[in-house]
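Undergrad: predicted model and sequence below, questions to follow.
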Amino acid sequence: MSDDYKPVLRAGSDPLVFFKYPGADDGSGISKGHIMAAAMSHNLRDGDVVVVGANSLLPMAAARLAQLTHAPNLSLVAGASGGVNSLLEPLVPSSADYSNLVAEAVLTFPEVLMIQMGGKADVFFAGGLQIDRRGNCNLARVGKSDRPVMRGPGSAGIPWASQCGRTILYATSHTTRLFVEQVDFVSLAGWPSAAGKSGRRGPDLVVTPLAVMDFTDDGNMQLQSVHSGVTVEDVVSNTGFELALPEGTVPTTPQPTDAEMRVIREFDLDGLLAIVI
Amino acid sequence: MSDDYKPVLRAGSDPLVFFKYPGADDGSGISKGHIMAAAMSHNLRDGDVVVVGANSLLPMAAARLAQLTHAPNLSLVAGASGGVNSLLEPLVPSSADYSNLVAEAVLTFPEVLMIQMGGKADVFFAGGLQIDRRGNCNLARVGKSDRPVMRGPGSAGIPWASQCGRTILYATSHTTRLFVEQVDFVSLAGWPSAAGKSGRRGPDLVVTPLAVMDFTDDGNMQLQSVHSGVTVEDVVSNTGFELALPEGTVPTTPQPTDAEMRVIREFDLDGLLAIVI
Amino acid sequence: MDDNGSESQSPRASKLLDLEEAISTLVPAISESLWVGGMHMHNVPMALVRECIRQGKRFETFYAGPSSSMAAELLIGTGSVDRVIVGYIGFEHIGLAPVFRRTVENGASKIEFVEADSGSMTIALQAGAWGQPFAALPDGIADTDLPAASPAFYKRLDNPFSGDAAFVVEAIRPSIALVHCQQADEYGNGIFKGSVFTDRLLALAARTMIMQVEGVVDNNQILKYPLQTGIPALNVSAVIPINFGCHPTSSHRYYNYDDVHLRLYIEAASTEAGFADYVKRFVSGPEDQEEYMRRVQNQDWSSIQEGQP
Amino acid sequence: MDDNGSESQSPRASKLLDLEEAISTLVPAISESLWVGGMHMHNVPMALVRECIRQGKRFETFYAGPSSSMAAELLIGTGSVDRVIVGYIGFEHIGLAPVFRRTVENGASKIEFVEADSGSMTIALQAGAWGQPFAALPDGIADTDLPAASPAFYKRLDNPFSGDAAFVVEAIRPSIALVHCQQADEYGNGIFKGSVFTDRLLALAARTMIMQVEGVVDNNQILKYPLQTGIPALNVSAVIPINFGCHPTSSHRYYNYDDVHLRLYIEAASTEAGFADYVKRFVSGPEDQEEYMRRVQNQDWSSIQEGQP
């Protein structure tokens, strides 16, 4: 077995066992994870109710960062754990973790769904196996239904994104396999094919290790900014459809400020944002 | 104002204020309330899940008495309070009282309804403004809908009695105004008019200050026993329809035993059963 | 959105408000609908209800469920509601609701009363919280007179799975919810020291929720025992500290319902003049909760009793 | 019924059972349906799941929701289920579910997989708890491919209030529910020391509920803090004390998920032979939980790794 993973017994009276992740450091350098978390954070507003689903290290970090900087009245519902306004001390990879319960309230999972599905959430974060030009997102399968090339975990809670105010998609890779012309299964609905942004809403933002993207008035995905060290060509060539480009020079995604990095280090005790990508 | 009602501050750290009810005594004598509670208790079985609604002094006492005698595995859901298996120390008149929370669990009211409406309850207790020959029960109104003679509180939870295994009706009076040929509004459905006891179920038992009644195979209310000191004629003349009579002599409702009275005194600290009728 | 991550100095906003301000700023003159927390004579946010009446607020629909008592009496008696969905209005063992009775029995009221039941109303509230458009009901309601009495509330359709008939009710999302917690922090994380009743669900279904509390606790207390938080702050608009704010109903673990006051109320309100006197003395009269409680403690009901026949 | 109130000497029955006995007496050879508590890699009653597999129990329908991981893998891989309603099966950040993937991607499995979602499954469970025949879904599902993919799960009808189209799902009442609480008393009053997940609702919806616990507390503890009781005893059939019974998933506040074991599992189970070896070593092999934990602690995966390609 690998020696990389070491159980770490934390101090305190609770018999909690955490794991030290391989490659984790003190997070002193700025990594893609930090850039992504900051980019998401900048798109959260003071007072937003934010709901995250499974595998939500980045969105949880983004929401907490926003709370500790420009959005002190933001509320975070930490997915399956039911933790509301968790201190994320420490930030952990599983949304259903006990660590998320150093929080203000613990909701049952049905109650988390009520907030998400009942229209009480301003922002919902989601990811997928495939994301297409219109923002459709697929967690079910790649390929045909009878014999898929890849079976995904299932649509989970993402079909209900449209009940929330805004949807932010995120991914820990940016490849032509992920960003496809048309998803093989719609788990989360994007902008309607013809009507553009009139009618029902699609996702508002897509954040990847390479770039931040939004949607044109017609409802097509459009490059908004590239991360430091990434070229427009990098993004275009790793996107499986014709990505709309903004007029003029594509800006660089703002690096997290020193103040933001200080805040992140307060809750990302294991430096997970440095290794998540 | 009346001097009868006196606030009583109970010992203990909680700032609870109880009231001493006028006429309350130590419950040493056997009163109608004791006879009724015991009669109901004898109809509860070990393992039953019992749900009571509003104004349930008698059913709560009956369920607790059963637990402490022949039905140790009975579960009591104390109505609106959500208390499960409350110790009822002391027994109080309001089902939504804080006193009912010296208990094993506190359910939300939706959860209490789930147990009642979802088919998890074996016994449901209900009362009404009117009860008829078939066991229909009315909590809505006496008289016409546009201008009733008497407006009742509303149907509350009793329409869902049929989702429970058995229904026991109870009343704190026995008059021709209460026991009518046909209720003016069906809040709780009795035995179907023609089919008798086939098809959907109606109530199983009716307990009043005068008597215990059950239903014939045809689904008509029938006298089962009269309480000590009550004649069959007393019951018949105070019932507004032709009450079916059993063959032979009508038995007397068993008096609570000494052991039962000892048990009752353990939780009916204010002697409320002695004054409830 | 436009903030590029500069550290803000603004702290998290407190939701503490005084009674008068909360009701005047958060409750419109005419609201679509109202649901009042608590049940029977317990945990009913009576100070909020009285303040709404004092300020002349009107509610097009009032959900008198699952079990309403004093709040329904005052709202109906002062004509503050246009339509009442009736689950249960009464005082349990203490008695029937005199104003509700008189209003209906007189047959001349402008208020519309819809015959419903507590189970269906709570299922409808659950549907509202989940974002469901309507909710199917369990079997049994068809055997009662309720669907015929209220065909707009109970509708029938075919269960597409079994083909059987089923009744459904429309989801309820109250535009205003008034609720009482024993304690809360200044952000609106509410704690129940006793029964939760329907109020945790209400917090997820209501569009605007106003919370009164007996005491304010530090946010650190909330973070220490998050499993005891009964209502999460995220949907709470205001927190109003008021001592004895549920009187004459109870606040679980703080005080019991005021049996004496309730019995005298029922006696007094058995006439229109008596009810009007009660409102003058205990609702419109007192300028604040302190004055209300002084009047309660003095227990001077003589003028009200004069109003009796 | 026939007991005339004589004082009984029989005490209240304890529901404490050992693992083997509980599963063999309470779970039929073939059950209609199964719902396993916990979510993701947390609070999953794995000891109960392994014992069901060891005893060859079969389940006609398995609800893999709201979020299933190791339980789904073992039940699917051992062919213990005929039909799986898929909300989510995976290991969050650790990886996809290898057996579930292979089974579907091979296209030759006898198991039927129904494409569903966690929200609809939980709403359906809520409907089951409440005795509702079916549950309406919020807007939005019509814009996804789910209704077309699973027309028997999602059915369309007209909302009788608005006339709009609405989708509905049938109520779920699992015939068997397996659940983990950190603690319980011998009667089945369960305590969650962390997240409640869907398990409190499950306790009200399931027909038979079997509970495993890390520790047994005295009934006096339950009576002292009734507000912390997560699952009331009334619908619990058995309480089974097992240390580390959730392994390799977590038990909130007791222990975290075993990240190492899970990663090695995912690696091993990427081949059929590897999965078979895993089952032999960790499911069918150990005669009891102690032996299972000894094998876990030894971390000897060499034979399993040989099974790899």
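TA: Thanks, I have the structure now. It should be emphasised that the depicted structure is a prediction, and the values quoted were computed from it without experimental measurement. Numbers count the residues shown, from 1 in each chain, chains lettered A, B, ... in the order given.
Undergrad: can you pull out the strands in chain C?
TA: C:30-36, C:58-64, C:81-86, C:90-91, C:95-96, C:112-115, C:134-136, C:155-158, C:165-170, C:176-184, C:190-191, C:208-216, C:229-231, C:236-241 (DSSP state E).
Undergrad: looking at the ones you listed, which is closest to chain A?
TA: strand C:229-231 (3.7 Å; CB to the nearest CB). (C-beta placed from N, C-alpha, C; glycine too.)
Undergrad: by contact count, what packs against the closest one?
TA: The helices and strands touching strand C:229-231, judged by 3 or more CB pairs under 8 Å, 6 or more residues apart in numbering or on different chains; DSSP states H and E, are strand A:105-106, strand C:176-184, strand C:190-191, helix C:199-205.
Undergrad: adding mean neighbour count and mean pLDDT, write those out as TSV.
TA: Shown next, in TSV, are those (neighbours: other CB atoms under 10 Å in any protein chain shown; pLDDT from 0 to 100):
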stretch	mean neighbour count	mean pLDDT
strand A:105-106	26	98
strand C:176-184	27	98
strand C:190-191	24	98
helix C:199-205	26	98
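Undergrad: so what's A:G202 closest to, chain neighbours aside?
TA: Excluding its sequence neighbours, the residue lying closest to A:G202 (CB to CB, 6 or more residues apart in numbering or on different chains) is A:W191, at 3.5 Å.
Undergrad: gap between that neighbour and C:R101?
TA: For A:W191, the distance to C:R101 (CB to CB, to the nearest Å) stands at 57 Å.
Undergrad: residue ranges for the helices of the stretch 1-150 of chain A, please.
TA: A:32-42, A:57-68, A:109-117 (DSSP state H, counting those that start in this stretch).
Undergrad: switch those over to a markdown table; also include mean neighbour count.
TA: Listed next are the helices of the stretch 1-150 of chain A as a markdown table, based on neighbours: other CB atoms under 10 Å in any protein chain shown:
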| stretch | mean neighbour count |
| --- | --- |
| helix A:32-42 | 26 |
| helix A:57-68 | 27 |
| helix A:109-117 | 27 |
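Undergrad: between these, which one is nearest to A:D97?
TA: Judged by CB to CB, the one of those that comes nearest to A:D97 is helix A:57-68, at 9.9 Å.
Undergrad: picking up where we left off before, so for A:R265, which of the helices of the stretch 1-150 of chain A sits nearest?
TA: helix A:32-42 (9.9 Å).
Undergrad: next one: that closest one to chain centre, how far?
TA: For helix A:32-42, the separation from the chain centroid amounts to 9 Å (computed by CA atoms, centre = their mean, to the nearest Å).
Undergrad: close to chain C: what parts of the stretch 151-277 of chain A are there?
TA: Within the stretch 151-277 of chain A, the residues that sit near chain C (CB under 8 Å from any CB of the partner chain) are A:Q163, A:P254, A:P256, A:T257, A:A259, A:E260, A:V263.
Undergrad: please redo it, this time with the cut-off set to 7 Å
TA: Where proximity means CB under 7 Å from any CB of the partner chain, the interface of the stretch 151-277 of chain A facing chain C comprises A:Q163, A:P254, A:P256, A:T257, A:A259, A:E260.
Undergrad: neighbours of the fourth one, how many?
TA: In terms of burial, A:T257 registers 15 neighbours under the definition other CB atoms under 10 Å in any protein chain shown.
Undergrad: measure it to chain B for me?
TA: A:T257 sits 45 Å away from chain B, going by CB to the nearest CB, to the nearest Å.
Undergrad: and that residue, what are its phi and psi?
TA: phi -70, psi 170 (degrees, to the nearest 10).
Undergrad: name all residues that make contact with the residue nearest to A:G202.
TA: Contact analysis of A:W191 by CB atoms under 7 Å, 6 or more residues apart in numbering or on different chains lists A:R134, A:G135, A:K197, A:G202, A:F215, A:G219.
Undergrad: ok, back up a step: nearest to chain C, out of the helices of the stretch 1-150 of chain A?
TA: Nearest to chain C, of all the helices of the stretch 1-150 of chain A, is helix A:109-117, at 4.5 Å by CB to the nearest CB.
Undergrad: next, count neighbours for A:V186.
TA: A:V186: 23 surrounding residues under other CB under 10 Å.
Undergrad: nearest residue to it other than its sequence neighbours?
TA: What sits nearest to A:V186 in space, not counting adjacent residues and going by CB to CB, 6+ apart, is D:D145, at 4.4 Å.
Undergrad: in this structure the one you found contacts A:A189, no?
TA: No - the pair D:D145 / A:A189 is not scored as a contact, 9.1 Å apart, by CB atoms under 7 Å.
Undergrad: any idea how many residues pack against the closest residue to chain D within the stretch 1-150 of chain A?
TA: Nearest to chain D, among the residues of the stretch 1-150 of chain A, is A:R147, at 3.5 Å (CB to the nearest CB). Counted with other CB under 10 Å, the neighbours of A:R147 add up to 13.
Undergrad: grab the nearest non-local neighbour of it.
TA: Once flanking residues are discounted, A:R147 sits nearest to D:G107: 3.5 Å by CB to CB, 6+ apart.
Undergrad: confirm A:V235 sits in a helix?
TA: Yes - the assignment for A:V235, made by DSSP: H, G, I helix; E, B strand; the rest coil, places it in a helix.
Undergrad: quick check, pLDDT for it.
TA: Note for A:V235: predicted pLDDT of 98.
Undergrad: mind listing what it touches?
TA: Listed by CB under 7 Å, 6+ apart, the contact set of A:V235 reads A:L210, A:A211, A:L223, A:V226, A:L243.
Undergrad: what about it, distance to chain B?
TA: 49 Å.
Undergrad: quick check: that residue vs A:T208, distance?
TA: 8 Å.
Undergrad: run through the residues of the stretch 151-300 of chain C sitting next to chain A.
TA: Where proximity means CB under 7 Å from any CB, the interface of the stretch 151-300 of chain C facing chain A comprises C:N189, C:L204, C:I222, C:L223, C:P226, C:L227, C:T229, C:P232, C:A233, C:L234, C:N235.
Undergrad: in the chain, what helix or strand scores lowest on average pLDDT?
TA: By default, I'm working from chain A. strand A:6-9 (a mean of 40; mean pLDDT, DSSP states H and E).
Undergrad: chain C too?
TA: Least confident element among the helices and strands of chain C, by mean pLDDT, DSSP H and E: helix C:302-306 (a mean of 54).
Undergrad: and the helices in the stretch 1-150 of chain C?
TA: C:19-26, C:46-54, C:70-77, C:98-106, C:118-130, C:146-149.
Undergrad: how about the first one: buried residues?
TA: Applying a neighbour-count criterion of 16 or more other CB atoms under 10 Å in any protein chain shown, one finds C:L19, C:A22, C:I23 buried in helix C:19-26.
Undergrad: the last one: what's it in contact with?
TA: C:I23 sits next to C:L48, C:E51, C:C52, C:Q55 when contact means CB under 7 Å, 6+ apart.
Undergrad: neighbour count, pLDDT and distance to chain A for those - can I get that in TSV?
TA: Listed next are these as TSV, based on neighbours: other CB atoms under 10 Å in any protein chain shown; pLDDT from 0 to 100; distance: CB to the nearest CB, whole Å:
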residue	neighbour count	pLDDT	distance to chain A
C:L48	29	98	22
C:E51	26	98	25
C:C52	27	98	24
C:Q55	14	98	26
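Undergrad: from the residues you listed, which two are the most distant?
TA: Across these (CB to CB), the longest gap, 10.8 Å, separates C:L48 and C:Q55.
Undergrad: same for whichever helix or strand A:L169 is part of, what does it pack against?
TA: Element membership of A:L169 [criterion: DSSP states H and E] is strand A:166-170. On a contact count with 3 or more CB pairs under 7 Å, 6 or more residues apart in numbering or on different chains; DSSP states H and E, strand A:166-170 meets helix A:32-42, strand A:123-126, strand A:205-207.
Undergrad: what about 8 Å?
TA: Using 3+ CB pairs under 8 Å, 6+ apart, strand A:166-170 sits against helix A:32-42, helix A:57-68, strand A:123-126, strand A:205-207.
Undergrad: could I get those as TSV with mean pLDDT?
TA: Listed next are those as TSV, based on pLDDT from 0 to 100:
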stretch	mean pLDDT
helix A:32-42	97
helix A:57-68	97
strand A:123-126	98
strand A:205-207	98
